[in-house]
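Peer 1: got a predicted structure here, sequence first:
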Amino acid sequence: MENDPKSGNPGPEHAWPFSGRLSGLIDWAHGRMDRGIAFLARMRKPLGDVQPYVLGETPVTRLLAAPAIVGFVSAVAITWGASLPSSPFTWKSCTGIVPGSVTVCHPWFFGIPPPPMVAGAPLPANKNLFIGLVAVYGGMVVMLQAWIALIRLARRHRGLPVRCFVAVFAAWTAPLLVVAPLFSRDSYSYAAQGEMMSRGISPYLFGPAILGVNAFSGLVDKLWANVTSPYGPVFLWMAGVNATVVDHNELLAVVGFRLLALAGVVMIAIFVPRLARSYGRDPSVAFVLAVLNPLVLLHLVAGAHNDALMLGCLVAGLWLARDGRPVLGLLLCTIGAMIKIPAFVGVVYIGWFWLGDEVSWRSRLRPTVMATGLALVIMAAVSQMVGLGWGWTTALGNSATVRSWSDPPTVVGSLLAKVLELLGLGNHQPVILSGTKDLGMLLAAAVALRLLWRARDATAMRAMGLTLLAVVFLGPAVQPWYIAWSMVLLATIAEHQLRVLVIALSCVACFLGLPGANSLVLQFGEANPILIVLASTAIVILLTIPLVMRLRRALHETQENGVPAVPRG
């Protein structure tokens with residue numbers, strides 16, 4: 001951290017023990033990240049001649065047609081592949097969370113396999129599994145390529161109106177609105193918690209198992225059967241209203257949550273370009289990076305996650321604050337935090353910049369504390385009005401129930417526990433994992449404070465985006481839709497290095513933790529070997545050819561010119 005140039009006094013970091021070493025460690029990690037992103041930058045194709053948009057002269061329809069059609073076809077392929085009865089990417093059974101129970105319900109309106117002749121026995125392998133596998137993975141790769149093509153197009157023709165990309169958004173999103181919840185069963189948990197709310201049962205005191213044997217509880221993952229809700233009171237109130245409006249129909253309740261997710265993405269589509277314009281960035285590039293991002297479409301919309309609504313409130317609140325309406329912005333960010341807590345970062349930053357950019361850090365503390373206090377008062381009042389209280393704050397760590405191998409603290413803790421076990425010191429994995437996860441959260445808090453301290457008005461979005469990224473990767477679990485938090489914020493100001501980070505991380509995150517591995521392994525043992533070879537070859541070709549071409553370009557340019565220094569954006 002730096003001394004405050006306005007106060008003339010040393011910053012608070014000099015009063016904190018070991019802050020110098022921590023700062024050095026963060027700087028080292030940042031330097032490693034810079035070199036990695038610089039290498040990724042060499043993988044890009046040359047942009048070519050920049051031709052700014054000219055009304056009536058730039059052939060917008062012709063330029064957008066190819067990537068728009070390719071993205072639409074890929075979305076249809078993903079929807080079709082995930083809807084096959086044998087697909088592992090959507091939930092296909094209603095097993096019930098009460099041991100020995102049999103529940104009559106369906107996870108979706110179509111694409112459900114017939115029940116096995118013997119309860120619990122897997123269905124025999126069939127070729128549709130591997131066709132669906134190629135359709136989903138291949139469709140994701142092709143959609144990512146179409147997205148990157150649109151980013152290049154928006155950069156090459158600076159000034160393209162955002163409305164030109166709205167039709168692309170509609171075309172890519174439409175097929176994903178009819179598929180069953182994709183890659184995740186969280187929306188079924190939302191539906192069960194909404195059913196609990198509609199019946200006067202607090203999700204902060206009980207898990208979905210309290211509903212007994214019915215369609216709502218039957219669709220919930222057994223992992224969450226007795227786990228209380230980590231979601232805010234506003235979201236649970238909306239979930240209860242949703243259950244009542246659909247007359248307690250479990251599938252229509254899930255449709256309601258997808259529509260809420262779509263509404264959240266529409267809010268992102270409205271306010272991200274406005275934020276980008278306020279920072280002097282091209283709003284069309286920001287729109288393509290954030291709204292047409294396959295990570296957002298596949299995981300937030302198709303997955304029907306409440307993160308979309310939380311992000312919509314967050315970016316809307318941040319824009320209102322920049323537009324001179326900080327009180328309204330604070331209110332919207334607080335509402336976002338009462339959907340899901342990460343939106344609270346907006347409350348802190350609105351308070352930090354309440355008095356402008358040219359004040360000392362001591363002068364910033366008072367409005368930051370006041371903004372935080374006001375937000376907490378609003379949250380307390382809403383919690384009491386909904387009748388739930390603060391029980392959700394004790395459940396914020398429930399995501400740690402899932403052991404994520406893409407989560408660094410989990411990997412470090414598991415490896416350390418294994419080493420101790422091999423040395424004959426016993427199995428201490430639970431204790432060690434708890435310790436590494438706590439250390440991870442402390443490090444994330446340190447990174448967040450450092451970014452806040454160094455933030456200026458022009459870099460506030462970057463600081464918030466990197467803060468959420470640190471919370472995700474140093475927190476108890478990493479999920480693709482968590483990574484979307486920072487991608488949306490960074491998209492508003494992404495240039496050069498940040499744009500490379502957003503593109504690369506979004507591409508990787510799309511494939512993180514995809515479900516169905518156990519089903520695939522079982523089917524591999526029973527299916528026709530020829531089908532396995534053909535499906536595997538098709539996937540390898542789709543994945544490796546673009547990557548190999550880009551790696552060759554990066555290695556060739558690095559050998560000629562060394563590791564590039566990509567400007568930070």
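Peer 2: Yes, it's here. Bear in mind the structure is a predicted one, so any value in this text is a computation, not a measurement.
Peer 1: quick one, domains of the chain?
Peer 2: 50-115+125-402+477-561, 403-476 (automatic domain parsing).
Peer 1: just say which of the ones you listed is most tucked in.
Peer 2: Across the domains of the chain, averaging neighbours per residue (mean count of other Cβ atoms under 10 Å) puts domain 50-115+125-402+477-561 on top, at a mean of 20. Backbone N, C-alpha and C define where each C-beta goes, glycine included.
Peer 1: what's the mean pLDDT across that domain?
Peer 2: Average pLDDT, domain 50-115+125-402+477-561: 85.
Peer 1: which residues sit in contact with the nearest residue to A343 once chain neighbours are set aside?
Peer 2: The shortest distance from A343 to any non-neighbouring residue, by Cβ to Cβ, 6 or more residues apart in numbering, is to G336 (3.0 Å). By Cβ atoms under 8 Å, 6 or more residues apart in numbering, the residues touching G336 are L309, M310, L311, G312, C313, L314, G317, A343, G346.
Peer 1: so the fourth one touches M267, yeah?
Peer 2: Yes: under the criterion of Cβ atoms under 8 Å, G312 makes contact with M267 at 3.0 Å.
Peer 1: show me the contacts for the residue nearest in space to the middle of the chain.
Peer 2: For the chain, the residue sitting closest to the mean C-alpha position, by Cα atoms, centre = their mean, is W481 at 2.3 Å. Taking Cβ under 8 Å, 6+ apart, we find W481 in contact with S184, L295, H299, L300, G303, H305, D307.
Peer 1: could you say which helix or strand holds it?
Peer 2: In the assignment (DSSP states H and E), W481 maps to helix 480-491.
Peer 1: R156 contacts D49, correct?
Peer 2: Yes: in this structure, R156 is within contact of D49 by Cβ under 8 Å, at 7.5 Å.
Peer 1: the residue nearest to A343 and R325, how far apart?
Peer 2: Look at G336 and R325: by Cβ to Cβ, to the nearest Å, they are 16 Å apart.
Peer 1: repeat for T61
Peer 2: Going from T61 to R325 by Cβ to Cβ gives 37 Å.
Peer 1: how about A263?
Peer 2: 21 Å.
Peer 1: with P408 instead?
Peer 2: Counting by Cβ to Cβ - P408 and R325 are separated by 39 Å.
Peer 1: same check, this time on R456
Peer 2: Distance, R456 to R325, by Cβ to Cβ: 21 Å.
Peer 1: ok so, going back, from the contacts of G336, which is closest to L330?
Peer 2: Using Cβ to Cβ, G317 is the member of the contacts of G336 that lies nearest L330, at 6.8 Å.
Peer 1: in contact with that closest one, which residues?
Peer 2: Counting by Cβ under 8 Å, 6+ apart, G317 makes contact with L328, G329, L330, L331, L332, C333, T334, I335, G336, A343, G346, I350.
Peer 1: if we use 7 Å, what do you get?
Peer 2: G329, L330, L332, C333, G336, G346 (Cβ atoms under 7 Å, 6 or more residues apart in numbering).
Peer 1: from the contacts of G336, which land in helices?
Peer 2: Secondary structure from DSSP state H places L309, M310, L311, G312, C313, L314, G317, G346 of the contacts of G336 in helices.
Peer 1: next, the closest residue to V345 other than its chain neighbours: phi, psi?
Peer 2: Of all residues not flanking V345 in the chain, M464 sits nearest, at 5.4 Å (Cβ to Cβ, 6+ apart). According to degrees, to the nearest 10, the main-chain angles of M464 amount to phi -70, psi -40.
Peer 1: cool, thanks, signing off.
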